[in-house]
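> model the following, please.
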Amino acid sequence: MQILKPVGYVHLHVHSSYSLLEGALKIGDLVKAAGADRQPALALTDTNNLFGALEFSEKAAGSGIQPIAGMQLSVAFEAPEANAKLNATHPHIVVLAKDETGYGHLLRLASRAYFDNALGEVPRVSAQALAECAGGLIALTGGMGGPVDSGLRANRPELALARLEALKAAFGEDRLYVELQRHGLPDERAVEGELIRLADRHGLSLVATNEPYFAKPEDYEAHDALLAVAEGRLVSDDKRRRLTPRHAFKTRAEMAELFRDLPDALQASVEIALRCAYRARTRKPILPSFGAPSLTTPAQGTPEGAAQQAMAAAATTAVAQEIAPDEAAELRRQAEEGLTERLRQHGPAEGLTEKDYRDRLEYEIRVITNMKFPGYFLIVSDFIKWAKEHDIPVGPGRGSGAGSLVAWSLLITDLDPIRFGLLFERFLNPERVSMPDFDIDFCVEGRERVIRYVQERYGEGQVGQIITFGTLLARGVLRDVGRVLEMPYGQVDKLTKLVPQNPANPVTLAQAIEGEPKLQSAIEEEPVVARLMSIAKKLEGLHRHASTHAAGVVIGDRPLEELVPLYRDPKTGMRVTQFNMKWVEQAGLVKFDFLGLKTLTVLRAATDLLKLRGIEVDLPSLPIDNQLTYERLRKGETVGVFQVESAGMRKALVEMCADRFEDIIALVALYRPGPMANIPVYCERKLGRDAGNEKNWYPHEKLEPILAETFGIIVYQEQVMEVAKVLAGYSLGDADLLRRAMGKKIKAEMDAQRDRFVKGAVERGLDKGKANEIFDLLAKFADYGFNKSHAAAYALITYQTAYLKANFPVEFMAASMSLDIDNTDKLAELRQDAQRMTIKVEPPNVNRSGVTFEVHDGAIRYALAAIKGVGRAAVEAIVQARGDTPFRDLGDFARRLNPKLVNKRTLENLVAAGALDAIEPDRAKAFAAVEPMMRLAQGAAEAETVGMMDMFGGVVAAEVNLRIPAYENWPMADRLKREYDAVGFFLSGHPLDEYGDLLQKLRVQTWAEFCRSVRAGTSTVGRVAASVLDRAERRTKTGNKLGIVTLSDQTGHFEAIIFSEGLSHYRDMLEPGAALVLQLQASTEGEDVRARIQTCEPLDQAAARHQKGMRIYLRDERPISSVQQRLQVRGEGEVSLILILDGGEREVEVKLGGKYQATPQIAGALRAVPGVVQVEVS
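Below is the predicted model of the structure:
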């Protein structure tokens, strides 16, 4: 694109929001701003990255603006030890791609900024690296943060000169420009004269730049807050980085006025733009070669490098021996051999022959070969086979890939697509050329190993993961801005909670304000809130941080940095593309999805536990007609079962009376907004409640074979395709295009497809009106029809988990608990379900428990790592120290601890959870011993270090005996509270246990009893005693408050709601820890009972009405004062009190004057007083 001289100025030093927490300009807004000023060219120069380079190139070019690829690059000019203070942040220059060579060097420099430095260091390149990659690049000296300016500002002219000469040596006079900026900063004015003199003295041109970080001067305040957020400082902090309102995006006229005394410096920006004729472009997919793995590995001479080179060489040799150069021939060989083995194991589907399978295979191979995708299939098959050979669980399939018979033959999927009516064209359409896309589920614990294998197979430099960017969302940006503005935390928290939280569909601040009158009032009435909202709205949506995508992996046919810039994951060191998922594919790289599915890890853990009992379960070979499995599904007993745990799913399973695999597939597809309305119809027809009306289920008799499986309901996208084929003569490829057109709802496409469908249907004997009617029906269902391939593959995982739970419940529950070991809410749910199945869950025990949940004699042993605050490393150290020799007592336990891994908090939580009960049942005593135990452990470790040995060769501890200080006993309520805090639920007892027979006198039910009566239909109202665990409040659509109360009794945890009026009346009672008697009203939803609180009262208050007296048995008179003290603290009550003293030969009975409270909690507290023998409440 030719740029004429009257243009006057081109922006060459610009930051977008990809300058993370630094730039406040989104690329779209940046391009709009340039277009509004009719600027014909524009550079993007984000800080040390090219995150937005391709996106910017496409959007700018699409708006008629010439994009210039560039970067603000930090450079280490001196050795690290020299000028340490000056180099703390490293000066930066601007580099712009002049041509294709320059863009290639720009990619290398962007990558080397991360990979030439230690993990976690500030990205930068050395002056030498810069010189090596200077070809095809134009450099600007970088302005105020540049190497020359910073030297001059530090009063180091010799340093400034040395750096300038280094740049000149790298770029020459014609590709290096001295950059002048005028943002109104004193330092800019101070060095400008010397910069001009240096440029003149060295034969260099000047170039004027504006360095915009935000769009308009009025955005300065918001950007200033962004800088404060980035540094973790307050806006009021004078020592932090600050810019000026002049760092806004200036128009050409503003720049002409600003540099009217230096017109040549302005013109230089135009000349540079003229020289930068190259732009980054999108590419067609570049497929890596399966047959020629690269030997790119770490540097030779390192142990890691030697090992990886050997492995890669071995892999290459193996491939050279096993496969032919022609990938199509290799695909055919593997697919045909694989199908032979599959049919040997499973046989053809009912009514079909091997020839049917061979014909389908031949068709698929021909399509795959014609579309040039054999290598893609072979690559995916290779790493899946490697995973399976190395005992890493792989999912049976995901997405439309399960519809390919070639994929099944190559072991990519584990579902016979012919048996389940899955279509290849839904995955790979010969009528529409697009990349196949296998999404592969791996066990979460093995996924990284598979990625490592792929790196070794194709070369580290040719494999990488994909970047993703976190953004400043509504709630987060409010908290960030509120913090830097020094607003009270409580005020910001209150405002933030008024913004709805929906991660799947985040609400913007504008939407939140529009829908929440309280936010509107706060903005109108409080200037500080108005300021907060104004700033937050301007920052909302900006990029906050970079991280690694959870699944995406790319494999190149050459080193990745030749195609895209690379980023280094600061946690793992993994190569990551600087372009996100969308733009990395636009750059030509082929994405492979390596997903981690924890359900696969549960399945593996359960089968491993079964192996310990000598039971082998081969999940891929399970019969899919196990009746016990369907019996459990029909009852909705699906806690822990993949995909069907929710109340709605359980209800649907019960109503559907699921008794076949096809029901699970259908439910997976139907249980979504829209199709969900068809679940009752499906159930009615399946259960014969619409018998005699079957002919009306089908829009045409020819459709019965297609829709019979789902009782006449169009559930799957594949059914839409089959209908088009049968009624209108579509090929399945064309039918897939029809399905896509219906989903997009583009009128022109729909009209064209309607004409074709109706014409084809009429030619095959349908009435035109009926053809239009069926087309409309298809259009309706195509909009929310589900991919049957995906539904079937995931239904298989559902069935596998349900099978294990039904047939091997103990091992399955233990495995499930181990996978949710850090999720106490889920553990509580699983433990409650285990109780329902009468599976014993033993409490944690340092002498018996393992790190994770284990199975022993039909019971689940509680995992030590599931105790809060202990840490996995500490638990592993304890289990290792125990070995085969149980701990004898607290002293023995302490001496064998590793004090570097086990700390005071670890021991306190182990005690609170009851894990030390086996060696010291008095938890109060064990808790008091924690500090002495730590001293003893430290002493033993030190003695071992210096080699203090006794005469038998044992280590002599610095302190032999454990000296436990005085301590007070723990009342039962205190003991249970500590246990709850450490475990997340009650294990050894329940706070209601203290009430004993009193609960019967109060005529209350347990939650389990109440549920049974509600499910049986005998009652919908009942009285239940329970302890409050938590209370949350939210607003309903009508604006009223709704309370959600989490409660617990001896039979489990449950939730109950309480409406606004009841909440305001009972809020003070509904505090965590409170024991209450609740009047509940309930209804059922499937097997779930939904409860609402009508009334409540403190359990002690209810109990007091049934109590008449309390008798306290004492050894002697010494505890009397302590007893009186505890009673006085509780205040006056309604019960008389008798003290009974042991007088030796006879008891002495003393009646105290006054009336006292006599709750079970008070009785428990009195029992903990030393000298009190027993407390009885009558």
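
> now tell me which helix or strand of the protein has the poorest mean pLDDT.
Here the helix or strand of the chain ranked lowest by mean pLDDT, DSSP states H and E is helix 303-322, holding a mean of 36.

> ok now stretch 864-879, how far from the chain's centre?
Relative to its chain's centre, stretch 864-879 lies at 24 Å (Cα atoms, centre = their mean, to the nearest Å).

> how about stretch 115-131?
Stretch 115-131 sits 31 Å away from the centroid of its parent chain (Cα atoms, centre = their mean).

> circling back to that earlier point, in the helix or strand following the least confident helix or strand of the chain, which residues are buried?
For helix 303-322, the following helix or strand on the C-terminal side (DSSP states H and E) is helix 327-346. For helix 327-346, the neighbour count (16 or more other Cβ atoms under 10 Å) marks Glu327, Ala328, Glu330, Leu331, Arg332, Gln334, Ala335, Gly338, Leu339, Arg342 as buried. Every C-beta, even on glycine, is put in place using the N, C-alpha and C of the backbone.

> what of stretch 598-610?
Applying 16+ other Cβ under 10 Å to stretch 598-610 flags Thr599, Leu600, Thr601, Val602, Leu603, Arg604, Ala605, Ala606, Thr607, Leu609, Leu610 as buried.

> quick one: contacts for Glu194?
The contact partners of Glu194, by Cβ atoms under 8 Å, 6 or more residues apart in numbering, come to Leu152, Pro157, Ala160.

> quick check: it is in a helix.
Yes. According to DSSP: H, G, I helix; E, B strand; the rest coil, Glu194 belongs to a helix.

> next, count neighbours for the residue nearest to His105 when sequence neighbours are not counted.
Residue nearest to His105 in three dimensions, not counting chain neighbours: Cys133, with 4.0 Å by Cβ to Cβ, 6 or more residues apart in numbering. Using other Cβ atoms under 10 Å, Cys133 has 22 other residues around it.

> okay, Cys133 and Leu352: tell me how far apart.
Note on Cys133: its distance to Leu352, by Cβ to Cβ, to the nearest Å, is 60 Å.

> out of the buried residues of stretch 598-610, list just those in helices.
Among the buried residues of stretch 598-610, the members falling in helices (DSSP state H) are Thr599, Leu600, Thr601, Val602, Leu603, Arg604, Ala605, Ala606, Thr607, Leu609, Leu610.

> in what helix or strand does the residue lying closest to the last one once chain neighbours are set aside lie?
Nearest residue to Leu610 in three dimensions, chain neighbours excluded: Glu811, at 5.3 Å (Cβ to Cβ, 6+ apart). Using DSSP H and E, Glu811 sits in helix 809-819.

> next helix or strand past that helix?
Next helix or strand after helix 809-819 toward the C-terminus (DSSP H and E): helix 824-836.

> related to what we said a few turns ago, which one of the contacts of Glu194 is nearest Arg1167?
Leu152 (80.1 Å; Cβ to Cβ).

> tell me, how many residues neighbour the residue lying closest to that closest one once chain neighbours are set aside?
Leaving aside its chain neighbours, Leu152 sits nearest to Val191 (4.4 Å; criterion: Cβ to Cβ, 6+ apart). Using other Cβ under 10 Å, Val191 is surrounded by 20 other residues.

> which residues of the stretch 1001-1150 of the chain score low on pLDDT?
Low-confidence segments of the stretch 1001-1150 of the chain (pLDDT under 70): 1086-1087, 1106-1109, 1128-1137, 1142-1150.

> strands of that one, start to end?
Here the stretch 1001-1150 of the chain has its strands, by DSSP state E, counting those that start in this stretch, at 1021-1035, 1041-1049, 1052-1058, 1075-1085, 1088-1098, 1109-1114, 1132-1142, 1147-1156.

> out of those strands, which comes closest to Asp884?
strand 1052-1058 (36.6 Å).

> now do the buried residues in that closest one.
Those would be Gly1052, His1053, Phe1054, Ala1056, Ile1058, for strand 1052-1058 by 16+ other Cβ under 10 Å.

> so how far is Ile797 from the residue nearest to Leu610?
Taken as Cβ to Cβ, the span from Glu811 to Ile797 is 17 Å.

> give me the low-pLDDT residue ranges for the stretch 301-450 of the chain?
301-325.

> ok, which stretches of the stretch 1-150 of the chain are strands?
41-44, 66-76, 92-97, 125-126, 137-140.

> any idea of the pLDDT on the residue nearest to His105?
Per-residue confidence (pLDDT) for Cys133: 97.

> same check, this time on Glu749
Looking at Glu749, its pLDDT is 88.

> one more: the one 10 residues further on?
Model confidence at Lys759, expressed as pLDDT, equals 95.

> so who does it touch?
Contacts of Lys759 by Cβ under 8 Å, 6+ apart are Ala728.

> just say helix, strand or coil for it.
Going by three-state DSSP: Lys759 is helix.

> against Lys768, how distant is it?
The value you get for Lys759 to Lys768, if Cβ to Cβ is used, is 9 Å.

> again with Gly102
Taken as Cβ to Cβ, the spacing of Gly102 relative to Lys768 amounts to 63 Å.

> neighbour count for those two, which is higher?
Per other Cβ under 10 Å, whichever of Gly102 and Lys768 has more neighbours is Gly102, with 24 against 11.

> excluding covalently adjacent residues, which one is nearest to that one?
Closest to Gly102 by Cβ to Cβ, 6+ apart is Gly136, at 2.8 Å.

> got the contact list for the one you found?
Per Cβ under 8 Å, 6+ apart, neighbours of Gly136: Ala97, Lys98, Asp99, Glu100, Thr101, Gly102, Tyr103, Gly104, His105.

> farthest pair within the residues you listed?
Pairwise distances across the contacts of Gly136 peak at 11.4 Å for Lys98 and Gly104 (criterion: Cβ to Cβ).

> surely Ala793 forms part of a helix?
Yes. The assignment for Ala793, made by three-state DSSP, places it in a helix.

> show me the contacts for Ile368.
By Cβ under 8 Å, 6+ apart, Ile368 lies in contact with Leu331, Pro374, Phe377, Val406, Leu428.

> most neighbours out of those residues, which is it?
Tallying neighbours with other Cβ under 10 Å puts Val406 at the head of the contacts of Ile368, with 31 neighbours.

> which SSE is that one in?
Element membership for Val406, per DSSP H and E: helix 405-409.

> how is the protein partitioned into domains?
3-212+249-275, 283-292+323-442, 465-582, 840-948, 993-1103, 1107-1177 (the TED database).

> and the helices in the stretch 701-850 of the chain, which stretches?
All helices of the stretch 701-850 of the chain, identified by DSSP state H, counting those that start in this stretch, fall at 704-707, 717-728, 732-744, 747-763, 768-784, 788-807, 809-819, 824-836.

> mean confidence for the last one?
It refers to helix 824-836. 90.

> pull out the buried residues from it.
Of all the residues in helix 824-836, those buried under the rule 16+ other Cβ under 10 Å are Thr824, Lys826, Leu827, Ala828, Glu829, Leu830, Arg831, Gln832, Asp833, Ala834.

> residue contacts, the residue nearest to the first one when sequence neighbours are not counted?
The reference is to Thr824. Closest residue to Thr824 apart from its sequence neighbours, by Cβ to Cβ, 6+ apart: Gly984 at 2.8 Å. Shown in contact with Gly984 (Cβ under 8 Å, 6+ apart): Thr824, Asp825, Leu827, Ala828, Lys868.

> can I get those in TSV with distance to Met1069?
Formatted as TSV, the contacts of Gly984 follow (distance: Cβ to Cβ, whole Å):
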residue	distance to Met1069
Thr824	25
Asp825	23
Leu827	28
Ala828	23
Lys868	27
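
> which one of those residues is nearest Ile196?
After measuring those against Ile196 - Cβ to Cβ - the closest member comes out as Lys868, at 65.2 Å.
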